[in-house]
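Enquirer: what follows is a predicted structure for the sequence shown.
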Amino acid sequence: MATGDEDRLLLIPGPVPVAREILQALDTPPISHTGAQFAQIFGRCLERLAMVMGNESGKTFVFSGSGTLAQEAAIVNFVEPGGRLLVASNGYFADRLTEIAQAYRLEVIPLQAPWGTSVTAEELGSQMRRHRPTVVAFTHVETSTGAMARIADFVRIIREEGALSIVDGVAALGGVCEDMESLGIDVLLSGAQKALGMPPGLAILGVSPRAWSAYERRAEKPRAYYLDLQRWAPVMEDPQRYFSTHPINLIYALDAALAIIEREGLDARFDRHQTLAERFRGALLGLGLASFTEEACLAPTLSVFRLPQGQRSASFRQRLQHHGVIAAAGLSDPEGRVVRFGHMGNIGEGEVAAAIAAVQNALAG
């Protein structure tokens, strides 16, 4: 049996297992962050990301940081002081959007769904008509609960009511369709370490032409420096321009990760995530676990389960680790019975089969 975590299958909801091709790209020696060679690589990444996000007519931003930094960048650039932000929350990470806005002393209207469920389109429309927000933010796939928001319905309602949409796609981009142009998303934010299959360290934003026009009409520029997208926009247009030093090796890794996605094809990638999720869930339900997440809003990129009576998450995960798989604890779990599994990025049938076997062995004691 392996002795170190690096030898075990990492099936938490991010970070995810990283393909050897991407790890090898990380090992490439750095080059000048303003040179022509790096500009070519970075420009290719931006073009491929725009394709993955369905944002070829908009602007794409990539810079050092986490998904939380991408959340903050979206809020500080697109919610003006005096504006009103409605946050439709499915759980912990959507609540973080509220906390970020409050840190900037912005007016926030919270709309909370019970954990394991999603806000309904009817609830969103009702609250929008009541409060008239200028911006609505929501998490597409909530990492804490496994609940997936009804993105097409949400964005349609937000548009009809005249607001901008901010979609947190951290646990979805690259594993679930988030085509900005066809869906009408205004701002899509993400990170690198989930369905894109990369190590952590990149903040990613897609901005539609409509959202960028709203940014340019702001009466007051963002109260930010590093996060002001106006400072980054010239660099994204010409990567040889300088604002802040790029994480060169992570951009190498992003280039490799996006090449894998391009070879697989987006539709095939989405289908693989859905198929593996169904296979994994079906097996665990057959072993006596219960879904924490309401069936109508299950996400393809992770699964959240309650263990059978008498099983406790901490001891179960310890046994699971002994059998070669690392899972995550629940984030709101007073009974201590919730376990979260990620199945996103570049994993395949072999990893899912290994995880199912490990769960069966861990349940047996």
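Expert: Done, it's in.

Enquirer: going forward, measure contacts between C-alpha atoms and count neighbours the same way
Expert: Fine.

Enquirer: the stretch 201-350 of the chain: helices as residue ranges?
Expert: Along the stretch 201-350 of the chain, counting by DSSP state H, counting those that start in this stretch, helices occupy 209-216, 229-237, 248-264, 266-286, 313-322, 349-364.

Enquirer: and these as CSV, adding distance to Ala192, mean neighbour count and mean pLDDT?
Expert: Shown next, in CSV, are those (distance: least, Cα to Cα, whole Å; neighbours: other Cα atoms under 10 Å; pLDDT from 0 to 100):
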stretch, distance to Ala192, mean neighbour count, mean pLDDT
helix 209-216, 23, 16, 98
helix 229-237, 17, 17, 98
helix 248-264, 8, 20, 98
helix 266-286, 16, 17, 98
helix 313-322, 25, 19, 97
helix 349-364, 20, 17, 97
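
Enquirer: Leu111 is nearest to which of the ones you listed?
Expert: Nearest to Leu111 among the helices of the stretch 201-350 of the chain is helix 209-216; the distance by Cα to Cα comes to 22.7 Å.

Enquirer: can you list the low-confidence ranges for the protein?
Expert: Applying pLDDT under 70 to the chain flags residues 1-6.

Enquirer: could you rerun that using 90?
Expert: Counting by pLDDT under 90, the chain has low-confidence residues at 1-7, 332-335, 365.

Enquirer: quickly list the domain ranges of it.
Expert: Under the assignment automatic domain parsing, the domains of the chain span 5-16+266-364, 21-262.

Enquirer: can you give me the end-to-end distance of the longest one?
Expert: Same thing as domain 21-262. 14 Å (Cα to Cα, to the nearest Å).

Enquirer: could you shift the numbering so residue one becomes 312, and keep it that way?
Expert: Okay, using 312 as the starting number, the last item reads as domain 332-573.

Enquirer: for it, the distance to its chain's centre please.
Expert: Distance, stretch centre to chain centre, for domain 332-573: 9 Å (Cα atoms, centre = their mean, to the nearest Å).

Enquirer: same deal with the shortest one?
Expert: Its chain's average C-alpha position is 18 Å from that of domain 316-327+577-675, according to Cα atoms, centre = their mean.

Enquirer: now the residue lying closest to Ala330 once chain neighbours are set aside: phi and psi?
Expert: The spatially closest residue to Ala330, leaving aside those adjacent along the chain, is Asn657, at 6.8 Å (Cα to Cα, 6 or more residues apart in numbering). Asn657 adopts backbone torsions of phi -110, psi 20, taken as degrees, to the nearest 10.

Enquirer: quickly note the distance from Asn657 to Glu589.
Expert: Using Cα to Cα, Asn657 is found at 16 Å from Glu589.

Enquirer: and the residue nearest to Ala330, what does it touch?
Expert: 328-330, 506-508 (Cα atoms under 8 Å, 6 or more residues apart in numbering).

Enquirer: and which of these is nearest Ile352?
Expert: Closest to Ile352 out of the contacts of Asn657 is Leu507 (17.3 Å), distances taken as Cα to Cα.

Enquirer: list the contacts of the residue nearest to Trp426 when sequence neighbours are not counted.
Expert: Sequence neighbours aside, Gly402 is the residue nearest to Trp426 in space, at 5.8 Å (criterion: Cα to Cα, 6+ apart). Residues near Gly402 by Cα under 8 Å, 6+ apart: 423-427, 453-456.

Enquirer: now the residues you listed: which count as buried?
Expert: When neighbours are counted using 16 or more other Cα atoms under 10 Å, the contacts of Gly402 contain these buried positions: 423, 426-427, 453-456.

Enquirer: His557: which of these is nearest?
Expert: Taking those together and measuring to His557 by Cα to Cα, the closest member is Thr454, at 27.6 Å.

Enquirer: and that closest one, how far from Gly427?
Expert: Relative to Gly427, Thr454 is positioned 10 Å away (Cα to Cα).

Enquirer: check Ser555 too.
Expert: For Ser555, the distance to Gly427 equals 40 Å [Cα to Cα].

Enquirer: follow-up on the earlier one: which of the buried ones among the contacts of Gly402 fall within strands?
Expert: Gln423 (DSSP state E).
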